[in-house]
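Undergrad: next come a sequence and a model predicted from it.
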Amino acid sequence: MIKLLTTPWMTSLVSVLIYLGAMVMFWKTPPLPKPAPEVVSTGKRLGPSWDFINPEADQLMAELKTEKAALSKKEQDLSDLAVRLQAEQAEMNLVTQSVRQLQVDFDQNVLRIGVEETANLKKLAKVYANMDPASAAKIIQEMDDVGIIKIMVFMKDTETAVVLEAMAKMGQTQAKRAAALSDRLRLASFRNSTPSPK
């Protein structure tokens, strides 16, 4: 047997067996190479999801950016409109206050006579018209200006003239008052909703 083992062909056979055994023991299969991502006929790439290029998603992103810009512009426009409305509201308040003040001033300067006062004022006007102008002036000078104007509205122009003339003759103060009464008499208005009987 030693003879058999020492033969050259046996040595070659053992060497081949050792070689094959070592090869099997240490053999590692190399990993298969990853195929390059290819575009399939549908237009989608193979590979991880983050590598995908999707034209629909890109279009949606572009539309979202456009809508966001439009919303920002609308929000800015609304903000500008709110500021403008506040300014116009402040201006309207100023105008309203001015109109109210003008109305108050007008009401102070213009005397209005209501329908309910008419009967009594006509009687008083008739009484003062029938009096001596100097006596009427003495009585009238003790009244307030509004009461005098209300009575003089119902007096004839000639009757009013003689009473004012008598007041003017009573001194400088009464002359000024007669002038003021004349001016206010010009602004007096009589509101009569029903026509007077003839």
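TA: Yes, it's here. Numbers count the residues shown, from 1 in each chain.

Undergrad: tell me the buried residues in the one helix or strand residue 185 maps to?
TA: Residue 185 belongs to helix 172-187 when assigned by DSSP states H and E. Within helix 172-187, the residues scored as buried using 16 or more other Cβ atoms under 10 Å are 174, 177, 178, 181, 184, 185. Heads up, the C-betas are built off the backbone N, CA and C, glycines and all.

Undergrad: pLDDT weak spots in the chain?
TA: Counting by pLDDT under 70, the chain contains low-confidence ranges at 1, 33-52, 107-114, 189-198.

Undergrad: do that again at 80, thanks
TA: 1-6, 27-54, 105-117, 186-198 (pLDDT under 80).

Undergrad: hey, where'd the helices end up in it?
TA: Using DSSP state H, the helices assigned to the chain run over residues 2-5, 8-26, 55-109, 118-130, 133-140, 145-153, 157-168, 172-187.

Undergrad: can you list the buried residues in the fourth one?
TA: Taking 16+ other Cβ under 10 Å as the basis for neighbour counts, the residues of helix 118-130 that come out buried are 118, 121, 125, 128, 129.

Undergrad: and those as TSV, adding distance to residue 94?
TA: Below are the buried residues of helix 118-130 laid out as TSV (distance: Cβ to Cβ, whole Å):
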residue	distance to residue 94
118	39
121	39
125	43
128	46
129	48
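
Undergrad: between the residues you listed, which sits nearest residue 55?
TA: residue 118 (89.8 Å; Cβ to Cβ).

Undergrad: I'd like the distance between that closest one and residue 181.
TA: Shown here: residue 118 relative to residue 181, a distance of 20 Å by Cβ to Cβ, to the nearest Å.

Undergrad: most centrally placed residue in this structure?
TA: Nearest to the mean C-alpha position of the chain, counting by Cα atoms, centre = their mean, stands residue 85 at 3.3 Å.

Undergrad: mind checking how far that one is from residue 63?
TA: 32 Å.

Undergrad: got it, and residue 31?
TA: On the measure of Cβ to Cβ, residue 31 and residue 63 end up 43 Å apart.

Undergrad: these two: which has the busier surroundings?
TA: Neighbours around residue 31 and residue 63, counted as other Cβ atoms under 10 Å, are more numerous at residue 63. The numbers are 10 against 6.

Undergrad: need phi/psi at residue 169.
TA: Dihedral angles of residue 169 (phi, psi; degrees, to the nearest 10) stand at phi -80, psi -10.

Undergrad: what's the answer for residue 31, then?
TA: Torsion angles, degrees, to the nearest 10, at residue 31: phi -60, psi 150.

Undergrad: got a list of what it touches?
TA: By Cβ atoms under 8 Å, 6 or more residues apart in numbering, residue 31 lies in contact with nothing.
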